[in-house]
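>>> Need a 3D model of the sequence below.
(2 chains)
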There are 2 protein chains.
Amino acid sequence: MPSGKSEKLMDLAKRRGFIWPSFEIYGGVGGFYDFGPLGSLLKNKIIQKWREHYVLEEGFFEIDSPSVMPEEVLKASGHVDHFIDAMVECQKCGTALRVADVAREATGRDIEGMPKGEIEQFIERHKVRCPDCGGVLGKIFDFNAMFRTTIGPGSRKVGYLRPETAQGIFVDFNRLQRYARGRLPFGVVQIGRGYRNEISPRQGIIRLREFTMAEAEVFFDPEDPHHPKFKDAANEVLRLWLAGDQEKGKERLTEVTAEQAVKKKLVCNELMAYYLALTKRFLLDLGIPEGAIRFREQTKGQRAHYSAETWDAEVSTERFGWVEVAGLAYRTDYDLSGHAKFSGKDLTMFSADKKRKVLCHVVEPSYGIDRPLYCVLEHAYAEEKKRTYMRLKKSLAPIDVGVFPLLNRDGMPEKAREVCEKLKREGLMAVHDNSGSIGRRYARADEVGTPYCVTVDHKTLEDDTVTIRDRDTMTQIRVLVGGLHGVLRSLLRDEIKFGEAGAQVGAKRLPEEFRRDTP
Amino acid sequence: MPSGKSEKLMDLAKRRGFIWPSFEIYGGVGGFYDFGPLGSLLKNKIIQKWREHYVLEEGFFEIDSPSVMPEEVLKASGHVDHFIDAMVECQKCGTALRVADVAREATGRDIEGMPKGEIEQFIERHKVRCPDCGGVLGKIFDFNAMFRTTIGPGSRKVGYLRPETAQGIFVDFNRLQRYARGRLPFGVVQIGRGYRNEISPRQGIIRLREFTMAEAEVFFDPEDPHHPKFKDAANEVLRLWLAGDQEKGKERLTEVTAEQAVKKKLVCNELMAYYLALTKRFLLDLGIPEGAIRFREQTKGQRAHYSAETWDAEVSTERFGWVEVAGLAYRTDYDLSGHAKFSGKDLTMFSADKKRKVLCHVVEPSYGIDRPLYCVLEHAYAEEKKRTYMRLKKSLAPIDVGVFPLLNRDGMPEKAREVCEKLKREGLMAVHDNSGSIGRRYARADEVGTPYCVTVDHKTLEDDTVTIRDRDTMTQIRVLVGGLHGVLRSLLRDEIKFGEAGAQVGAKRLPEEFRRDTP
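Now for the predicted structure:
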């Protein structure tokens, strides 16, 4: 995104209450963002869409466990030993830096997962210097990226803020498998905060120290990695960037159906292919165009300590390039066997035929919520000659409808407020606005992606009709106030079309007296 | 609640997936609880109900800010200096104890807020000893009850886990008042985690170290503490336990309307009275009986450092006695003036008539979510001769409908699964259960408060009808599968009555062919 446009988007996001840096009056702290009133509404709607896929459709169980975890749990999960960032300090200005970030900024190369010795040679060879002052960088050391705290008084009981919600699910495995009553595969989700104590985050909402995650852990018998509804996803086309191609420096994407991906052994199993397809559908649901979605296979060095195969769902943005919005990892039995070992508890269950004891394997679709939200905003942001507007999907728009008086006199503001209150009582997110001119009010509504605006005008006072204006086409129709809620509800659900709306509304849904076309 | 019954409730809550202690396989950590699949559904529904009151009806803005906060913010808010628990260690076994808890356990007296010197005399006089080993207690010292951490590498940038979500709202005041465009009063809410690093929590889900809060900050002009919709709440009867009566040792409650409470100056202003009434309505909405709700005025010593007047909404429970589920505090301009001073920023805004600069005052209705959830479970729990069931409000029940085959043969399980999937696609939380006998399935559904159960039987295979069973009356009606979703939806919304349900269903909503009464 050309810098002017991207700055305008971020300015809009702050000014109108989507997102802004946290603790601004204290100068801000890197890696923390607030969601303002519109941002919270949007975030909640994205979470709701995710729940529709994973909780309603897939039938996964949702749990909610603490964000503070005792050290034992994260020792068993490998995070105390492996959730490490290679870090370096500038010998001149003392700034702490994440080596991989500095190296990428300076050379464009990705060195995630490179052994420490090689990194030092790399820094030397490419003469990577401090991006702040140009100073020489010191020795490289490990930094555990978990926030550390102590539980209770004294400093004996160490705790950490969870780096992922997943561990709260794994430690509950025995209760959860009883809840599933022997069914396999079964899935459990958790939506909540995750934390990563970044060294020096510089990328705004893309590199957060505290973020919202939505994770699903799919437990399955390793001898039976099948999804019961695989045929529904089999023909979904996936654009894969294979690890082999990345290692050879090839940008080429491999386009295959989910079914082919399994047959050609490009992905580890049917479950993984199914959830890649579901991830694509979720992103399409958010309004991300198909061409802006790809799945990148992590190379061995890039993968987390628990993963045997990882696919990053990436979305193309103008501002940050390709952004990882979800990671799908084949965690094998890494976590359950770790917790079984450290806790001394049996974490096996019976196979579907009750003949074998199984230590379940796990495929984990893990989504960020903040990054997709940014991608949604960027892909919705549109500038036209006369206006700026957000082409948000109607089902994601924070506000369903704006209600305005044409003029601030002759009882129009009172009537507009009354209409607005009525729509709110009917469950629509309606907002009343009577400041500035009618043109400014439409502009403000467009800017935040409000799909419909209702205007109370002179005619309203005569015949109790109002206009509805469509965000994308800027065309208007006129309907009776009595039928307004029903029309809006149907429009928002795409049950009727606005296009030749008067006629459509009349023909499909409303009795003749509820409909009037704009003259 | 007689101990046997309360144990049965907690056993049910763990066994069926409502709540259980966190990190059980590692022996648990005091003060942390997980919400299992049913508990999460219930929790989300309680949050949803709260949003209906505060976000939809009151029109408050919701924001979402980080749970990790830098020290400056909590220095300005007074929490670094005043969020303190008086603590003592047993000189024999070394256990750390919260003085107020030990004193209450030993003497039944509440010493919250008592000065340190007096506490030592109190301990001496009443011979309070270690509850674990009977040892003598040592000197009393202060323990800051915030979880402490560091942000970024090094230990220079101190941060804390927020003790309340409110501070995230106060530091955003300038952005929020611009969003409100000069309207006063205006309200902002936040729902999320709060943390209190309890010394030695012993009361299960009532004393958590990590909890979910829903807080509302109502900003108003101190010269105009009126609520625009006060008349809607004016006649709500409030049962108040006045601070004066508590200090005199009197148990008597004062029953007044919200309007009288203001006129008699029992509460500080109209806004406080309005939100006391709203709190009562919210609790009634959760199914808490009116007689189990009271508002206790905190005495001066009990109040938090920021509050000039605090009312605790308390719910009577058999297990824990009266439990505080919400606190309504008159925070005055304490927070905004603190942040203005520490940040050096102007946090005033114009009065409604634009003639004065105002430093807003704040009335804060602050709710826990976990404690009300426990109260809901306890008040819903019912034992009858033949069964145990949860009389949950239908709108709160985690599962809307159970779908069962009468027998596991003749195609009934397949049909039941098909019916269940269809209901799920229509947006109902439906669960299919085919293990055990039909009686066991009803019992399992009753135990978790599922309002309706649908059974596929021999007749279904002949004429495509199923039975619906009502949880509370255990009576049944028979309807066509084609009309099932509509009937259930209407029943769940209380749009039709189950009582003489066949007739009602037919008369009010469904064409004749969709209805059949049980023979």
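>>> tell me the contacts of the residue nearest the centre of chain A?
Chain A has A:Ile369 as the residue nearest its centroid, 2.7 Å off, counting by Cα atoms, centre = their mean. For A:Ile369, the contact set (Cβ atoms under 8 Å, 6 or more residues apart in numbering or on different chains) comprises A:Lys43, A:Ile46, A:Ile47, A:Trp50, A:Ile191, A:Phe211, A:Thr212, A:Met213, A:Ala214. (Each C-beta comes from the backbone N, C-alpha and C, glycine too.)
>>> So in that sheet, which strands flank the helix or strand encompassing the last one, and in what orientation?
Counting by DSSP states H and E, the element that carries A:Ala214 is strand A:210-220. Each strand that pairs with strand A:210-220, with its direction, by DSSP bridges: strand A:186-195 (antiparallel), strand A:361-368 (antiparallel).
>>> So for B:Thr310, which of these sits nearest?
Comparison of the strands paired with strand A:210-220 against B:Thr310 by Cβ to Cβ identifies strand A:186-195 as nearest, at 28.5 Å.
>>> buried sites along stretch A:108-116?
A:Ile111, A:Glu112, A:Met114 (16 or more other Cβ atoms under 10 Å in any protein chain shown).
>>> Please tell me I have it right and the last one contacts A:Phe122.
The one in question is A:Met114. Yes. Contact criterion Cβ atoms under 8 Å: A:Met114 and A:Phe122 qualify, at 6.9 Å.
>>> What sits closest to the residue in the stretch 251-400 of chain A positioned nearest to chain B if chain neighbours are left out?
The stretch 251-400 of chain A approaches chain B most closely through A:Ser343 (4.1 Å), counting by Cβ to the nearest Cβ. Spatial nearest neighbour of A:Ser343, chain neighbours left out: B:Ile25 (4.1 Å); criterion: Cβ to Cβ, 6 or more residues apart in numbering or on different chains.
>>> helix/strand/coil for that neighbour?
helix (DSSP: H, G, I helix; E, B strand; the rest coil).
>>> how would you label A:Gly482: helix, strand or coil?
From three-state DSSP, the assignment for A:Gly482 is helix.
>>> neighbours around it, how many?
A:Gly482: 13 surrounding residues under other Cβ atoms under 10 Å in any protein chain shown.
>>> Over to A:Gly344?
9.
>>> State the distance from it to A:Asp335.
16 Å (Cβ to Cβ, to the nearest Å).
>>> cool, A:Asn174 as well?
Plainly put, A:Asn174 is 13 Å away from A:Asp335 if you go by Cβ to Cβ.
>>> got it, and A:Met213?
Going from A:Met213 to A:Asp335 by Cβ to Cβ gives 16 Å.
>>> neighbour count winner among the two?
Higher neighbour count among A:Met213 and A:Asp335: A:Asp335, with 24 against 21, using other Cβ under 10 Å.
>>> Surely that one forms part of a strand?
No. Secondary structure of A:Asp335 (three-state DSSP): helix, not part of a strand.
>>> what's near enough to touch A:Arg175?
If you count contacts by Cβ under 8 Å, 6+ apart, then A:Arg175 has B:Lys14, B:Gly17, B:Trp20, B:Glu24, B:Gly36 around it.
>>> List the contacts of the third one.
With Cβ under 8 Å, 6+ apart as the criterion, the residues that contact B:Trp20 are A:Asp172, A:Arg175, B:Ala13, B:Lys14, B:Tyr33, B:Asp34, B:Gly36.
>>> separation between the fourth one and B:Trp20?
It refers to B:Lys14. Counting by Cβ to Cβ, the gap from B:Lys14 to B:Trp20 is 4 Å.
>>> now do the fifth one
For B:Tyr33, the distance to B:Trp20 equals 7 Å [Cβ to Cβ].
>>> With the first one instead?
Look at A:Asp172 and B:Trp20: by Cβ to Cβ, they are 8 Å apart.
>>> got any residues that touch both of these two?
B:Asp34, B:Gly36.
>>> Name the nearest residue to A:Leu492, sequence neighbours excluded.
Among residues not flanking A:Leu492 along the chain, A:Lys394 sits closest, at 5.3 Å (Cβ to Cβ, 6+ apart).
>>> Repeat that for A:Arg109.
With Cβ to Cβ, 6+ apart, the residue lying closest to A:Arg109 is A:Ala103, at 6.3 Å.
>>> Pretty sure the one you found sits in a helix.
Yes. Using three-state DSSP, the secondary structure at A:Ala103 is a helix.
>>> I'd like to know how many residues surround it.
Neighbours of A:Ala103 using other Cβ under 10 Å come to 24.
>>> Start and end of stretch A:356-371, how far apart?
The first residue of stretch A:356-371 is 42 Å away from its last residue (Cα to Cα, to the nearest Å).
>>> Find out how far that stretch is from the centre of the chain, if you would.
Centroid separation for stretch A:356-371 versus its chain: 17 Å, with Cα atoms, centre = their mean, to the nearest Å.
>>> what comes up buried for it?
So, applying 16+ other Cβ under 10 Å, buried residues of stretch A:356-371: A:358, A:360-371.
>>> With pLDDT and distance to A:Asp470 added, can I get those residues in a markdown table?
Conversion of those to a markdown table gives the following (pLDDT from 0 to 100; distance: Cβ to Cβ, whole Å):
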| residue | pLDDT | distance to A:Asp470 |
| --- | --- | --- |
| A:Val358 | 97 | 55 |
| A:Cys360 | 98 | 50 |
| A:His361 | 98 | 49 |
| A:Val362 | 98 | 46 |
| A:Val363 | 98 | 42 |
| A:Glu364 | 98 | 41 |
| A:Pro365 | 98 | 36 |
| A:Ser366 | 98 | 37 |
| A:Tyr367 | 98 | 32 |
| A:Gly368 | 98 | 32 |
| A:Ile369 | 98 | 29 |
| A:Asp370 | 98 | 30 |
| A:Arg371 | 97 | 30 |
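>>> could those go into TSV alongside distance to B:Glu462?
Listed next are the buried residues of stretch A:356-371 as TSV, based on distance: Cβ to Cβ, whole Å:
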residue	distance to B:Glu462
A:Val358	41
A:Cys360	42
A:His361	44
A:Val362	44
A:Val363	43
A:Glu364	46
A:Pro365	43
A:Ser366	48
A:Tyr367	46
A:Gly368	52
A:Ile369	49
A:Asp370	54
A:Arg371	54
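>>> quick one: which two of those residues are the most distant?
A:Val358 and A:Asp370 (35.7 Å).
>>> ok, back up a step: which of the buried residues of stretch A:356-371 lies at the shortest distance from B:Asp312?
Closest approach to B:Asp312 among the buried residues of stretch A:356-371 (Cβ to Cβ): A:Ile369, at 34.2 Å.
>>> how many other residues sit next to A:Glu120?
By other Cβ under 10 Å, neighbour count at A:Glu120 equals 17.
>>> That one and A:Gly138, how far apart?
Distance of A:Glu120 to A:Gly138, computed by Cβ to Cβ: 10 Å.
>>> same deal with A:Ala145?
Counting by Cβ to Cβ - A:Ala145 and A:Gly138 are separated by 19 Å.
>>> Those two - which one has more neighbours?
Neighbours per residue, other Cβ under 10 Å: of A:Ala145 and A:Gly138, the larger number sits with A:Ala145, 19 against 15.
>>> Per-residue pLDDT of the more buried one, please?
We have a pLDDT of 95 for A:Ala145.
>>> Kindly report the same for A:Arg516.
For A:Arg516, the predicted pLDDT is 39.
>>> Also A:Glu500?
53.
>>> now the one 3 residues further on
Listed pLDDT for A:Ala503 reads 37.
>>> Next: the one 10 residues further on.
At A:Glu513 the predicted local confidence, pLDDT, stands at 40.
>>> just the buried residues of stretch A:356-371 now: which is nearest B:Asp464?
Using Cβ to Cβ, A:Pro365 is the member of the buried residues of stretch A:356-371 that lies nearest B:Asp464, at 37.4 Å.
>>> Confirm for me that that closest one is in contact with A:Leu278.
Yes. With contact defined as Cβ under 8 Å, A:Pro365 reaches A:Leu278; the gap is 7.1 Å.
>>> can you tell me the helix or strand for A:Gln260?
Using DSSP H and E, A:Gln260 falls in helix A:258-263.
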